[in-house]
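[1] sharing a sequence plus its predicted fold:
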Amino acid sequence: MSLGMTPQASFSNLRVLEPLVHGVASSANLQITKEVKHGGLGVITAAIFLSGEMAGSGVLALPAAMIGTGGWLGLMLILLFTANAGFSGTRLGLCWIMLEERYEEFRGEVRDPYPAIAEKAVGRWGRIASVVAISLTLYGGGCVFIVLIAQLLGSLIGSAGFSLSLCVWMVIVAVG
């Protein structure tokens, strides 16, 4: 039984990551330039930096999170959040590709890609909401590192016989 489709030897007919929005250039008519910028990060280096950044504090907090949620429930939540992060990353990548295709000013280096995507999607309030969310995320990440370093220093120095409360160590770490 033939459906009128013949198998292709090439993977160029796969359109899995192509945006499903009318008016966006498809991979069939998108002109790809062969010019390469030198001096930037390579794909492997960028992947190592991103995975280290994303897994850094999360891996440190993972045992406590698993104990707090229970064994199997914790594992299911980790798998769910991993799939959610992967899906969100692909959608953000597609949004960025659409911005580059539609607007000339986004084809070079852009300092604030997430607020730019939000502004073009919903307007000025999208940019503001995106900047607020990014700022809160960065602030929260910094607070997590302050607590982790304070706990580490407290236990390290505490084993030498000098003990201070966690709050004092957090102030020392934040100021120092």
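    Sure thing, it's come through.
[2] make it CA atoms for all contacts and neighbour counts henceforth
    Will do.
[3] any low-confidence regions in this structure?
    Where the chain drops to pLDDT under 70, the residues are 1-43, 46-48, 50-60.
[4] can you do 90?
    For the chain, applying pLDDT under 90 flags the ranges 1-98, 100-101, 103-113, 137-138, 140-145, 148, 158-164, 176.
[5] what's the longest helix in it?
    Longest helix of the chain, by residue count under DSSP state H: helix 124-158.
[6] in that one, which residues are buried?
    126-127, 130-131, 145-151, 153-155 (16 or more other C-alpha atoms under 10 Å).
[7] and if you look at stretch 100-107?
    Buried positions in stretch 100-107, judged by neighbour count with 16+ other C-alpha under 10 Å: 101, 106.
[8] now whichever helix or strand comes after the longest helix of the chain: buried residues?
    Using DSSP states H and E, the helix or strand that follows helix 124-158 in sequence is helix 166-175. Of the residues in helix 166-175, 166, 169, 170, 173 count as buried by neighbour count, 16+ other C-alpha under 10 Å.
[9] ok, which pair from the residues you listed is furthest apart?
    The largest separation in these, counting by C-alpha to C-alpha, is between 166 and 173 at 10.4 Å.
[10] can you list residues touching both of the two?
    Listed as contacting both residue 166 and residue 173 by C-alpha atoms under 8 Å, 6 or more residues apart in numbering are residue 150.
[11] what strand or helix carries residue 61?
    Going by DSSP H and E, residue 61 is part of helix 43-69.
[12] kindly report the same for residue 78.
    Using DSSP H and E, residue 78 falls in helix 71-102.
[13] and residue 81, how far is that from residue 75?
    According to C-alpha to C-alpha, to the nearest Å, residue 81 and residue 75 sit 10 Å apart.
[14] my error: substitute residue 137 in the last question.
    Look at residue 137 and residue 75: by C-alpha to C-alpha, they are 24 Å apart.
[15] swap in residue 157?
    Residue 157 sits 34 Å away from residue 75, going by C-alpha to C-alpha.
[16] cool, and residue 166?
    In terms of C-alpha to C-alpha, residue 166 sits 30 Å off from residue 75.
[17] please apply the same query to residue 146.
    Taking C-alpha to C-alpha, one finds residue 146 at 27 Å from residue 75.
[18] can you check residue 86 too?
    Going from residue 86 to residue 75 by C-alpha to C-alpha gives 17 Å.
[19] cool, residue 133 as well?
    Separation of residue 133 from residue 75 (C-alpha to C-alpha): 27 Å.
[20] same deal with residue 96?
    From residue 96 over to residue 75 the distance is 32 Å, taken as C-alpha to C-alpha.
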